[in-house]
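Q: Sequence and predicted structure, then a few things I'm wondering about:
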Amino acid sequence: MTDNMEKKNWTNEERANLADQMDKDLDNFINSLEKKRYTEGWPEDKWQEEFEKHPFFMKKSPEPGDEVSPLMEGLQQLKYDANENTPEGKKNYFLINNSTKYFIIFIFLELAANYKEDGNFNFKCKKYRLAILSYTEGIRSKCNDDNLLAQLYNNRAACHFMIKNYLSCLNDCMTALKYQSNYPKAMSRAAVCCFNIKKYTKCIDLCNKYINEYGDNNEEIMSLLKNSIIERKKKERDDRMKDARLKKLETEEDRLVKAIIDRNINIDIPIGKMTIDLNDFVPQIPQLSQNRVKFDNKTNRLVWPVMILYPETMQTDFIQSFHEDTPFLDQLEDLFIEPPEWDIEQRYIVDNLNVYFEGKDKKSIHKVDISRTLSSIISRKQFSLRCGTPSFLVLIAESEAEKNFLKNYKL
């Protein structure tokens, strides 16, 4: 085409025809292309579910074990994968494909710092146990930065403090001070923990150390120091009183054991045990476990827990306080003032009862003179005290049940 070629003048009709022809050519070209379904998009029936899996639009973070989208998995690796991160940090680049565009991201990564950020976020949300897990993972990354480790331990201590795990808080505070000795937050919180777990001497030492390093302008520390001194004095006084009570109790227990031995009671103790102590008189029966033999405060005589067995009816009575000077008859009369519920025929009448105890070898049985006191009965050479509880068998005199029962023993 030459410069002097005359330009054609198009009429409106010609222009319209040309436009129609171009549209037809474009339609023919598109129709000639291979038919393919777009597969990279979200399916219509699951678009909302896929939408909520996208990191930019999800309403909550995935729970452990939940299936995550490839993009979310990539972001998790970006932040937490040990292959992509080091405790000291390194410069990495990542290529992210977003359908039509490619982004190259350069980022300075540090595992401990990432976990610290997560912990700080959970702490602000008052999710203290989750924050503890985050700080713990940061500590496990074995970062070589002492200041960062001190912060991780101190922050984890703050979480323990909020849920009143004072001992764990104290341990983390002391570890933080090892990495960073001039850490006032860790030192003051450690002092408070010591006070709460009643380690007053250590609390006083920490308060004094805080005052020496940071001055006496902290009212909380000054008040804590004053209260610790007061509470330590109270604790020392209480400990002295407790020791005195224990010594008095030991003296009373020794006197009680001596009184039992002086009565010449045969005591059944474990084989191989050479000495007798008060533990040998603790009842092994739950109903009497709180009623060990004791002194009567008025008469200075012994009061025993006693078990009464009725073999014929398979019933049992537990007498918590049987004074050793009480005749056995009196105690039986108290038991049968009214007929027990299980004695439907009212056969158990005191005058019609025989009382027995088993011998030391459990093969012999001995009849009790119920007119005698408990002390004189259990002092008999045939009697054996087992499990700290004198035990007796009550049967209806001359009954078939008594005859059959006695056949099992030597009289």
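A: The structure has been received and is ready for your questions.
Q: For the protein, name the helix or strand with the lowest mean pLDDT.
A: Scoring the helices and strands of the chain by mean pLDDT, DSSP states H and E places strand 101-109 at the bottom, with a mean of 35.
Q: name the helices or strands packed onto the helix or strand following it?
A: On the C-terminal side of strand 101-109, the closest following helix or strand by DSSP states H and E is helix 111-124. Using 3 or more CB pairs under 8 Å, 6 or more residues apart in numbering; DSSP states H and E as the contact criterion, the neighbours of helix 111-124 among helices and strands are helix 70-80, helix 128-140, helix 146-162. Where you see a C-beta, it was placed from the backbone N, CA and C, and this is true even at glycine.
Q: Just give me how far helix 111-124 sits from the chain centre.
A: Once both centres are worked out by CA atoms, centre = their mean, to the nearest Å, helix 111-124 turns out to sit 26 Å from its chain's centre.
Q: Now do it against helix 146-162, angle only.
A: Interaxial angle of helix 111-124 relative to helix 146-162 (axes from the mean of the first three to the mean of the last three CA atoms, to 10 degrees): 30 degrees.
Q: what mean pLDDT does the helix or strand hosting R255 have?
A: Element membership of R255, judged by DSSP H and E, is helix 219-262. For helix 219-262, the mean per-residue pLDDT is 86.
Q: Centre of the chain to that helix, how far?
A: Computed by CA atoms, centre = their mean, the chain-centroid distance of helix 219-262 equals 28 Å.
Q: Over to stretch 372-380?
A: Here the centre of mass of C-alpha atoms in stretch 372-380, compared against the chain's by CA atoms, centre = their mean, lies 50 Å away.
Q: ditto for stretch 206-221
A: Between the centre of stretch 206-221 and the centre of its chain there are 35 Å (CA atoms, centre = their mean).
Q: how close does Y153 get to N208?
A: The gap separating Y153 from N208 is 23 Å, by CB to CB, to the nearest Å.
Q: the more surrounded of the two?
A: For Y153 versus N208, neighbours defined as other CB atoms under 10 Å are more numerous around Y153 (25 against 13).
Q: pretty sure the more buried one contacts C173?
A: Yes: if you go by CB atoms under 8 Å, Y153 and C173 touch, sitting 7.5 Å apart.
Q: Just read off the phi/psi values of the one residue sitting closest to the centre of the chain.
A: With distances taken as CA atoms, centre = their mean, N165 lies nearest the centre of the chain, 11.2 Å away. Main-chain dihedrals, N165, degrees, to the nearest 10: phi -90, psi 70.
Q: Identify the residues contacting it.
A: Going by CB atoms under 8 Å, 6 or more residues apart in numbering, N165 touches no other residue.
Q: ok, Q287 to Q320 distance?
A: For Q287, the distance to Q320 equals 8 Å [CB to CB].
Q: now N155
A: Counting by CB to CB, the gap between N155 and Q320 amounts to 57 Å.
Q: Repeat that for I163.
A: Taking CB to CB as the criterion, I163 is separated from Q320 by 44 Å.
Q: what do you get for H366?
A: 24 Å.
Q: Comparing the two, which residue is more hemmed in?
A: Between H366 and Q320, counted using other CB under 10 Å, the more crowded position is H366 (16 against 13).
Q: Check for me that that one belongs to a strand.
A: Yes: assessed with DSSP: H, G, I helix; E, B strand; the rest coil, H366 lies in a strand.
Q: Setting aside sequence neighbours, what's the nearest residue to it?
A: The spatially closest residue to H366, leaving aside those adjacent along the chain, is Q382, at 5.0 Å (CB to CB, 6 or more residues apart in numbering).
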